[in-house]
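Colleague: With the input below, show me the fold.
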Amino acid sequence: MSLRDTISSLLTDADIQPVLVDVGASGAPPPIWDPLARHAIYVGFDPDARDMHPELARRYHQVHIIDRAITANPAESEVSFYLTAFPACSSTLPPDTDALADYLFAPYFAVEDCVSAPATTLNAVLPQLSLPGIDWLKLDTQGADLRLFQSLAVEQQNRVLAADVEPGLIDAYRGEDLFVDTHRALTQVGFWLSDLIVKGSVRIQQASLQQIGRDAAYVERAARVSPGWCEARYLRTTAWLAQQPADPRAYLLTWIFAMLDKQPGFALDVGLAYAGRFGSDAVSARLLAEAQQQIGRGHQRNSVWRYVRAGVRRLERLWLGGE
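Modeller: Below you'll find the model as predicted:
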């Protein structure tokens, strides 16, 4: 049985429909959610419809697409929304043009229009959709990820088992939530950093580009990017789970999310914690067996690659006359 089949079987047997909330839903739902789709409730938010493809979410058990901005302030029924040249850079925060001027991707943030967008809060939407809470929260709001998570009522924050955020490493927006603050805040409330992908842009001013008479693509092929933002994924710790009211569902979903994020070692921790708290049963046996199987497969796969790389290095030495 594949991991996808195992996950599907576990969700069916436990009658769990994970709630996946995508704030900043330009493009398509995250691919990592695909194995959950036919069981899950997907909620996507984005007031900028230029890059929305709602049909891509139809494979989900239940879908809600909401063309409103999410605000941390419940008193705001409308917010200013800055539509930028590149739709994925649009935000409720104005771009910091002075800070961006040093980077090649500055033109992406050129404001083409500032519109008044209807706004709502996560706290308001959940009861409107008759949803008890959020299991996996993806925030890609161009500068406001932390404040939106913290705007959730405490009982709703405590239901979130996985959080994806894209905080900045530079001041791309005025007053944005940076990674250093976001990481500190999330780890203080029971999350650990499971994955981190650093992204960025080449550091060069547009005037310098014009001076040498070259386009952006030419410079991108010649220079490495400088860190500008990151994609970070956080999962709840087993210590945090142990402090919460007994809930097998939370352990099961945390195990599933860990396996999807290619963290079988942590998934084994969760499986053992499940067995320790709720007793050894058919579910815990499956969690432990699948995690160990994935660890074994990873070990075998990595051993093969180490053997292949060693062979390549030996061939290189032979080719260069080193042996």
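
Colleague: Can you give me the separation between residue 244 and residue 33?
Modeller: 24 Å (CB to CB, to the nearest Å). Where C-beta positions appear, they are placed from N, C-alpha and C, glycine not excepted.

Colleague: Name the residue in the two with the higher neighbour count.
Modeller: residue 33 (20 against 13; other CB atoms under 10 Å).

Colleague: Give me the nearest residue to that one, chain neighbours excluded.
Modeller: Spatial nearest neighbour of residue 33, chain neighbours left out: residue 20 (5.6 Å); criterion: CB to CB, 6 or more residues apart in numbering.

Colleague: residues contacting the one you found?
Modeller: Residue 20 is in contact with 29, 33, 36, 40-43, 60, 134-136, 138, counting by CB atoms under 8 Å, 6 or more residues apart in numbering.

Colleague: before we move on, what about residue 194?
Modeller: By CB under 8 Å, 6+ apart, residue 194 lies in contact with 233-235, 258, 261, 263, 266.

Colleague: For ChimeraX, write a command that selects the buried ones of these.
Modeller: Of the contacts of residue 194, the buried ones can be selected in ChimeraX as follows, counting by 16 or more other CB atoms under 10 Å:
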select :233,234,235,258,261,263,266
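
Colleague: Could you single out the nearest of the contacts of residue 194 to residue 87?
Modeller: The nearest member of these to residue 87, counting by CB to CB, is residue 233 at 23.3 Å.

Colleague: so how far is residue 275 from the closest one?
Modeller: Distance, residue 233 to residue 275, using CB to CB: 25 Å.

Colleague: Just after the host helix or strand of residue 229, pick out the following helix or strand.
Modeller: Under the criterion of DSSP states H and E, residue 229 resides in strand 226-236. Toward the C-terminus, strand 226-236 is succeeded by helix 238-243 as the next helix or strand (DSSP H and E).

Colleague: Which SSE is immediately downstream of that next one?
Modeller: helix 248-260.

Colleague: so that next one versus strand 226-236, what angle?
Modeller: 140 degrees (axes from the mean of the first three to the mean of the last three CA atoms, to 10 degrees).

Colleague: mind listing what's buried in helix 248-260?
Modeller: Going by neighbour count (16+ other CB under 10 Å), the buried part of helix 248-260 is 250-260.

Colleague: same question, stretch 92-99
Modeller: 92-96.

Colleague: before we move on, back to that, what's the closest of the contacts of residue 194 to residue 13?
Modeller: Nearest to residue 13 among the contacts of residue 194: residue 258, at 18.6 Å, using CB to CB.

Colleague: Show the residue spans covered by the strands in this structure.
Modeller: With strands called from DSSP state E, the chain shows them at 19-23, 41-45, 62-66, 69-70, 78-84, 111-120, 136-139, 162-165, 191-201, 226-236.
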